[in-house]
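Asker: My questions are about this predicted structure, shown below with the sequence.
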Amino acid sequence: MGCLLSVFTRQQLDKRRVALLQNADEVEDIREKITSYSIQNQYINQERVIDEKPHKDFTKIKCLTKNDESKIYLSQNKSNSEYYILKSINKQYLEYSGMQQQIQNEIKFGKECNGKFIQQYHQHFITNKKCYIILENVQGGNLKQLIKRKQMNEAEIRFYIAEILIALQHLHKNNIIYRNLTPYNVLIDNQGHIKLSDFSLCHFGTECNLLTGNIYYQAPEISKIQYQNQLSDYWSLGAIMYEMYFGYPPFFHPNINIYKKNKREQIIIIPNSISESAQQLLRQLLNNDIQQRIINKSIKKIQYHPFFDGLDWQMVQKRLEQSPFVPDIRSKSDLHYYLQEQQNENKIEQQIN
């Protein structure tokens, strides 16, 4: 699940921070006044009292992931019995790390930009010590898990790339640059359709020049902290498409310095084992020159690409295309795809440490 691998759960901080934060996570049932959550000028402010402990309306079923800065739970709303993802983040950590802007982005996006291919935001609130965000419970795992599970054929890859394109089109129409498109953040819902998640790094506007995101999926202009726009998201789409074919990101090398060199010099090998149209689209999407990446910067130009020949875009838009993978979800509290992801996170953490 993408949100489990968000900036809060995947970033490894210096151990010296732990002493500042360890007490903040220990007390869950304290007497605090709850305020609505408002972020202005990158600061978290209290507006008004909305209830005494609204987070107590949610029963925490299971902690899905945790670290010194945040916890993520499967939770159940006591009033309607529905299941949600509850993210609990230490305010002290936000203040220490300067990450208020990322929380601002996630909340603002959730309020303003719902969509069929977007993980739904439900509500947020804060206490004196914590920030809480309530999100849709998307149970089918993520695209990274699918890539690891099986070799995809071209029809399957076309399905997922098409749905991601529709999701990006929705963001871009709302003047949002995603900047966080990775296979971890492409969730799979109960019907097998995609939902983008984790909008903490998104930018509201048509251009920016900030360094952010996963190095293996960030466009070259982001790595260089240069001018970025919506075309930066298409490079990330190309990186995902490449990984779906070959099992690893483009330019990949276990030596990070060699990887950066390959990416900078655009040293990429696209085997002839895939179709000519797929090769052509990959070269377009992974072009280091942002102005040459997609002709006329048009999403329609991509949709008319030969790679998508025969695809009914109206069916894609309506989520009526048959998914190649439908998760085996047995109940609303089914956790087995989450648990697989948690095991992957533990392996990643062990490798980092």
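Answerer: Received the coordinates, thanks. Since the structure is predicted, the reported quantities are computational estimates derived from the model, not experimental observations. Numbering: from 1, shown residues only.

Asker: Count the residues that sit near residue 285.
Answerer: 24 (other C-beta atoms under 10 Å). The C-beta positions use only the backbone N, C-alpha and C, and glycine is treated the same way.

Asker: That one: what's it in contact with?
Answerer: 234-235, 237-238, 241, 293-294 (C-beta atoms under 8 Å, 6 or more residues apart in numbering).

Asker: Kindly report the same for residue 260.
Answerer: 215, 223.

Asker: before we move on, which element is it in?
Answerer: helix 256-264 (DSSP states H and E).

Asker: The protein - how does it break down into domains?
Answerer: 2-139+331-342, 143-317 (automatic domain parsing).

Asker: which one of the ones you listed lies closest to residue 324?
Answerer: Closest to residue 324 of the domains of the chain, according to C-beta to C-beta: domain 143-317, at 4.2 Å.

Asker: just to revisit the earlier point, using PyMOL, define a selection of the buried residues within the contacts of residue 285.
Answerer: Command for PyMOL that selects the buried part of the contacts of residue 285, burial taken from 16 or more other C-beta atoms under 10 Å:
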select buried, resi 234+235+237+238+241+293+294
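
Asker: In helices, which of the contacts of residue 285 fall?
Answerer: Mapping the contacts of residue 285 onto helices (DSSP state H) picks out 234-235, 237-238, 241.

Asker: mean pLDDT lowest for which of the domains of the chain?
Answerer: Among the domains of the chain, domain 2-139+331-342 has the lowest mean pLDDT, at a mean of 70.

Asker: ok, back up a step: redo the ones in helices among the contacts of residue 285 as TSV? Include distance to residue 65.
Answerer: Listed next are the ones in helices among the contacts of residue 285 as TSV, based on distance: C-beta to C-beta, whole Å:
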residue	distance to residue 65
234	30
235	28
237	26
238	29
241	28
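
Asker: Next, the buried residues of the helix holding residue 260.
Answerer: Under 16+ other C-beta under 10 Å, the buried positions of helix 256-264 are 259, 262-263.

Asker: quick one on the thing from earlier: ok, so of the ones in helices among the contacts of residue 285, who is nearest residue 79?
Answerer: Checking those one by one against residue 79 (C-beta to C-beta), the nearest turns out to be residue 237, at 39.1 Å.

Asker: So the closest one sits against residue 165, correct?
Answerer: Yes. Under the criterion of C-beta atoms under 8 Å, residue 237 makes contact with residue 165 at 7.0 Å.

Asker: Using JSON lines, lay out the buried residues of helix 256-264 together with distance to residue 99.
Answerer: Putting those into JSON lines (distance: C-beta to C-beta, whole Å) gives the following:
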{"residue": "259", "distance to residue 99": "26"}
{"residue": "262", "distance to residue 99": "31"}
{"residue": "263", "distance to residue 99": "26"}
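
Asker: quick revisit: can you say which of the domains of the chain is nearest to residue 325?
Answerer: So among these, domain 143-317 is nearest, using C-beta to C-beta, at 5.2 Å.

Asker: Residue 312 versus residue 175, what's the distance?
Answerer: Residue 175 is 28 Å from residue 312, where distance means C-beta to C-beta, to the nearest Å.

Asker: what's the closest of the ones in helices among the contacts of residue 285 to residue 276?
Answerer: For the ones in helices among the contacts of residue 285, the nearest to residue 276 is residue 241 (14.7 Å; C-beta to C-beta).

Asker: quick one: contacts for the closest one?
Answerer: Residue 241 touches 157, 161, 278, 281-282, 285, counting by C-beta under 8 Å, 6+ apart.

Asker: Can you give me the separation between it and residue 321?
Answerer: Distance from residue 241 to residue 321, by C-beta to C-beta: 17 Å.

Asker: Repeat that for residue 246.
Answerer: Counting by C-beta to C-beta, the gap from residue 246 to residue 321 is 24 Å.

Asker: Could you do residue 72 as well?
Answerer: In terms of C-beta to C-beta, residue 72 sits 30 Å off from residue 321.

Asker: So for those two, which sits in the more crowded spot?
Answerer: A direct count of neighbours by other C-beta under 10 Å for residue 72 and residue 321 places residue 72 higher, at 26 against 19.

Asker: Give me the sheet partners of the helix or strand hosting that one and which way each runs.
Answerer: Using DSSP H and E, residue 72 sits in strand 70-77. Paired neighbours of strand 70-77 in the sheet (DSSP bridges): strand 58-66 (antiparallel), strand 83-90 (antiparallel).

Asker: rewinding a little: let's have the domains of the chain in CSV, adding distance to residue 325.
Answerer: As requested, the domains of the chain are arranged in CSV below (distance: least, C-beta to C-beta, whole Å):
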stretch, distance to residue 325
domain 2-139+331-342, 11
domain 143-317, 5
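
Asker: In contact with the nearest residue in space to residue 141 that is not next to it in sequence, which residues?
Answerer: The spatial neighbour of residue 141 that comes closest, neighbours along the chain excluded (C-beta to C-beta, 6 or more residues apart in numbering), is residue 337 at 3.7 Å. Applying C-beta under 8 Å, 6+ apart to residue 337 gives the contacts 1, 139-141, 145, 188, 327.

Asker: Nearest to residue 207 among those?
Answerer: Nearest member of these to residue 207, counting by C-beta to C-beta, is residue 1, at 30.3 Å.
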